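A.B. asks: give me coordinates for this.
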Amino acid sequence: MKHSPAYRLATTILHGFDEYRARFKEITADASRRFRDAAWRETQQASAERINLYKEKIDDTLGRLKRTFDPEVVSHCECWREARNHYAELISHRLDYELAETFFNSLFCAIFHHRHIRNDWMFVYSSRQDAAHRSGIDLCRRKQVNGDWQAALKWALIDAPFENRFAEIDQDTHLGATFLQQHLPAAILSADNAEVELLNSVFYRNKGAYLVGRILGGGEQVPLVLPVLHGEGFGEQAGGDPRLHLDTVLIETDEVSIIFSFTRAYFQVDVAVPREFVDYLQQLMPHKPEGELYAAIGFFKHGKTEFFRALNRQVAKREDQFIIAPGVRGMVMAVFVLPSFRTVFKIIKDKFDPAKDVTHAVVREKYRLVKRHDRVGRMADTQEFSNFIVRQDHFAPECLEHLLEVAPSTVVLKDDKVIIKHCYTERMMTPLNIYLEKCSDQEKEMVLKDYGNAIKQMAAANIFPGDMLLKNFGVTRHGRVIFYDYDEVCYLTECRFRHIPKSYGNDFQGGDTLSIGPNDIFPEEFGPFMFANKALRDMFMHQHPELFDPDYWLELQQAIIDGRVIDVYPYRNKQRFAGSVGQLVY
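C.D. replies: This is a model prediction of the structure:
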């Protein structure tokens, strides 16, 4: 039987998607082996490889389409309309249908350069709108507590698919059970039907493995996350047999939300049914957007699809207009927001402030660097859009006027539409400089402490922010300080940290000259640069004196060069059962 070109187009795209999914699953499945062997550098490489994989497979499939089909077939919208219908039928019984739709969309947008965004030519909306297509696959394992919380935790750990043994499982589970008995709601503790429920899959990221689920009983539920780590002194460098330990127990929704934050690397986790998996996670974190949850488990491209759909729904409500983002205007980016949507939109300006010695290409590469890198909970994830189209009346006039003025090559008016040729989106945060103007003295002390921790943790991950001004950091709803301005970001190992020679006096006001290279950095000068307010500067310098010492940076650099992967965990040190001094946590 001879099939139409549109049908063959659909099957070729699906073949490319199957190749992508097969390799994605291979990388993900190997996470358990990497954790078993404490292969931390390999873990970092696998994370970057999996992120790069999507574009690689899109490019491969695009090349295959161009080699296989006549140009008029590939570039004909009506052919894509028919192909879309065939494709929807081909994926109708797949468990990963929504990811397949996004892959189709990526190919369509690559061919048509993000134009002709219509649901009859691509999947602007999902082909499966009802909830009747349930897989029947049980994602979880369960254990009745029967009053014995230690036994329930021991079951949770021993029945998990870890290949390493636990060093002190009785001690770990005793500490965990004591914590639960002290902190769980009374209704759960007194319930006859209290139950621990955990997803079958282990969530791997960096040097940690996480068991994720919930505790139910007495008509209530709380989320449950059990972080499992390797014991001190074992692992890749020590050459020992790594033993495991339960690091803490987390049952607060906000704590779990931070673990799944948009500021962290994507988990490596086996996901049998993506839609149902995300539905389950959303029960644990009801305020976490769907798109962020898809991204958190590695499907960042479909996370972008869900984001786009949610934005369209919000814009259609016409509750507000896009406005210029509050705060100091950037020298490289023009930033605007839709206040009701908690997202910022960033456009690269046509011309930069003279102080910024970068180009458009350099800025885009910096954002790609952060996308591929471990964000250690301190750098915002971004989504990149091309030919983003919005009706003109959805913009406040002064906002649109500003965008047309500073980025006329990127922002274009066509009839009643605003076409934004390229932009980034990030979660909205309160700029740190604005937060400090309005917060209490106690909040100032806490957020400045976290500001310094953010710089240290990025540095531990081999990232130097470059421009450390307060306006380039934001504060989340959890009170965490996050870096979000990437035009000067670089690897820490590329920097040359130097002492100021004593003969040159303060602020280089000496009689001689000092030769300064493009990568030279003088930490002793950070204070006045970061803080115009002396009181804030003094507070910060008291909290983080090492940040102003070049030797601190040089030692950290050397540790990274030596191959040490420094621990950065997504919860506070005081929450750890055996919190070790010197580790960078939360």
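A.B. asks: can you tell me, leaving aside adjacent residues, what's nearest to residue 330?
C.D. replies: residue 485 (7.0 Å; C-beta to C-beta, 6 or more residues apart in numbering). For every residue, glycine as well, the C-beta is placed using N, CA and C.
A.B. asks: over to that neighbour: give its phi and psi.
C.D. replies: Phi and psi for residue 485, reported as degrees, to the nearest 10, are phi -120, psi 110.
A.B. asks: start at 2 instead
C.D. replies: In the new numbering, first residue 2, that becomes residue 486.
A.B. asks: wait, what's in contact with it?
C.D. replies: 331, 333-334, 466, 468, 472-473 (C-beta atoms under 8 Å, 6 or more residues apart in numbering).
A.B. asks: now, those that are in strands?
C.D. replies: The members of those that map onto strands under DSSP state E are residue 334.
A.B. asks: which of the contacts of residue 486 sits closest to residue 435?
C.D. replies: residue 472 (8.3 Å; C-beta to C-beta).
A.B. asks: could you point out which element follows the helix or strand hosting residue 313?
C.D. replies: Assigned by DSSP states H and E, residue 313 belongs to helix 301-318. Using DSSP H and E, the next helix or strand after helix 301-318 towards the C-terminus is strand 324-325.
A.B. asks: partners of that next one in the sheet?
C.D. replies: The partner list of strand 324-325 in its sheet, established with DSSP bridges, is strand 334-339 (antiparallel).
A.B. asks: please compute how far the partner strand lies from its chain's middle.
C.D. replies: When C-alpha coordinates are averaged (C-alpha atoms, centre = their mean, to the nearest Å), strand 334-339 and its chain have centres 20 Å apart.
A.B. asks: what do you get for stretch 522-530?
C.D. replies: Per C-alpha atoms, centre = their mean, the centroid offset for stretch 522-530 relative to its chain is 29 Å.
A.B. asks: from residue 259, how far off is the residue nearest to residue 331?
C.D. replies: Per C-beta to C-beta, to the nearest Å, residue 486 is found 22 Å from residue 259.
A.B. asks: I'd like to know how far the residue nearest to residue 473 when sequence neighbours are not counted sits from residue 359.
C.D. replies: Excluding the flanking residues, the one nearest residue 473 by C-beta to C-beta, 6+ apart is residue 486, at 3.7 Å. With distances taken as C-beta to C-beta, residue 486 is found 12 Å from residue 359.
A.B. asks: likewise residue 138?
C.D. replies: 49 Å.
A.B. asks: could you do residue 171 as well?
C.D. replies: Residue 171 is 56 Å from residue 359, by C-beta to C-beta.
A.B. asks: neighbour count: the two, which is higher?
C.D. replies: residue 359 (16 against 10; other C-beta atoms under 10 Å).
A.B. asks: tell me the SS of the residue lying closest to that one once chain neighbours are set aside?
C.D. replies: Distances taken as C-beta to C-beta, 6+ apart place residue 488 nearest to residue 359, at 5.6 Å, with adjacent residues excluded. Under DSSP: H, G, I helix; E, B strand; the rest coil, residue 488 falls in the coil class.
A.B. asks: and residue 494, how many residues sit next to it?
C.D. replies: Counted with other C-beta under 10 Å, residue 494 comes out at 12.
A.B. asks: for the residue nearest to residue 45 when sequence neighbours are not counted, what are its contacts?
C.D. replies: Excluding its sequence neighbours, the residue lying closest to residue 45 (C-beta to C-beta, 6+ apart) is residue 375, at 6.2 Å. Counting by C-beta under 8 Å, 6+ apart, residue 375 makes contact with 45, 48, 207, 266, 462.
A.B. asks: so which of those is the closest to residue 342?
C.D. replies: residue 266 (24.8 Å).
A.B. asks: any idea how far residue 569 is from the closest residue in space to that closest one that isn't next to it in sequence?
C.D. replies: Among residues not flanking residue 266 along the chain, residue 375 sits closest, at 4.7 Å (C-beta to C-beta, 6+ apart). According to C-beta to C-beta, residue 375 and residue 569 sit 8 Å apart.
A.B. asks: now for the two: what residues contact both?
C.D. replies: With C-beta under 8 Å, 6+ apart, residue 375 and residue 569 have common neighbours 207, 462.
A.B. asks: quick check: beta-bridge partners of residue 432?
C.D. replies: Bridge pairing for residue 432 - DSSP bridges - gives residue 475.
A.B. asks: need the pLDDT of it.
C.D. replies: For residue 432, the pLDDT comes out at 94.
A.B. asks: for it, what are its contacts?
C.D. replies: Applying C-beta under 8 Å, 6+ apart, the residues contacting residue 432 are 327-329, 471-472, 474-476.
A.B. asks: check residue 532 too.
C.D. replies: Contact partners of residue 532, counting by C-beta under 8 Å, 6+ apart, are 471, 538, 541.
A.B. asks: including distance to residue 175 and neighbour count, could these go into JSON lines?
C.D. replies: Output for those, formatted as JSON lines (distance: C-beta to C-beta, whole Å; neighbours: other C-beta atoms under 10 Å):
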{"residue": "471", "distance to residue 175": "44", "neighbour count": "23"}
{"residue": "538", "distance to residue 175": "46", "neighbour count": "17"}
{"residue": "541", "distance to residue 175": "40", "neighbour count": "23"}
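A.B. asks: redo those residues as a markdown table? Include distance to residue 576 and pLDDT.
C.D. replies: Shown next, in a markdown table, are these (distance: C-beta to C-beta, whole Å; pLDDT from 0 to 100):
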| residue | distance to residue 576 | pLDDT |
| --- | --- | --- |
| 471 | 28 | 93 |
| 538 | 30 | 94 |
| 541 | 25 | 96 |
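A.B. asks: gap between stretch 355-365 and the chain center?
C.D. replies: In terms of C-alpha atoms, centre = their mean, the centre of stretch 355-365 is set 24 Å apart from its chain centre.
A.B. asks: mean confidence score for it?
C.D. replies: Average pLDDT, stretch 355-365: 84.
A.B. asks: can you measure across it, start residue to end residue?
C.D. replies: With C-alpha to C-alpha, to the nearest Å applied, stretch 355-365 spans 19 Å between its terminal residues.
A.B. asks: buried residues, that stretch. List them.
C.D. replies: Of all the residues in stretch 355-365, those buried under the rule 16 or more other C-beta atoms under 10 Å are 357, 359, 364-365.
A.B. asks: and what of stretch 72-81?
C.D. replies: Within stretch 72-81, the residues scored as buried using 16+ other C-beta under 10 Å are 74-75, 77, 80-81.
A.B. asks: can I get these in a markdown table including pLDDT?
C.D. replies: Conversion of these to a markdown table gives the following (pLDDT from 0 to 100):
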| residue | pLDDT |
| --- | --- |
| 74 | 87 |
| 75 | 89 |
| 77 | 87 |
| 80 | 92 |
| 81 | 93 |
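A.B. asks: could those residues go into CSV alongside secondary structure and distance to residue 159?
C.D. replies: Formatted as CSV, the buried residues of stretch 72-81 follow (DSSP: H, G, I helix; E, B strand; the rest coil; distance: C-beta to C-beta, whole Å):
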residue, secondary structure, distance to residue 159
74, helix, 57
75, helix, 54
77, coil, 59
80, helix, 56
81, helix, 52
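A.B. asks: report the helix or strand with the lowest average pLDDT across the protein.
C.D. replies: Confidence across the helices and strands of the chain bottoms out at strand 585-586, with a mean of 42, counting by mean pLDDT, DSSP states H and E.
A.B. asks: now the nearest residue to residue 417 once chain neighbours are set aside: how far from residue 416?
C.D. replies: The shortest distance from residue 417 to any non-neighbouring residue, by C-beta to C-beta, 6+ apart, is to residue 393 (5.1 Å). Noted for residue 393: a distance of 8 Å to residue 416, by C-beta to C-beta.
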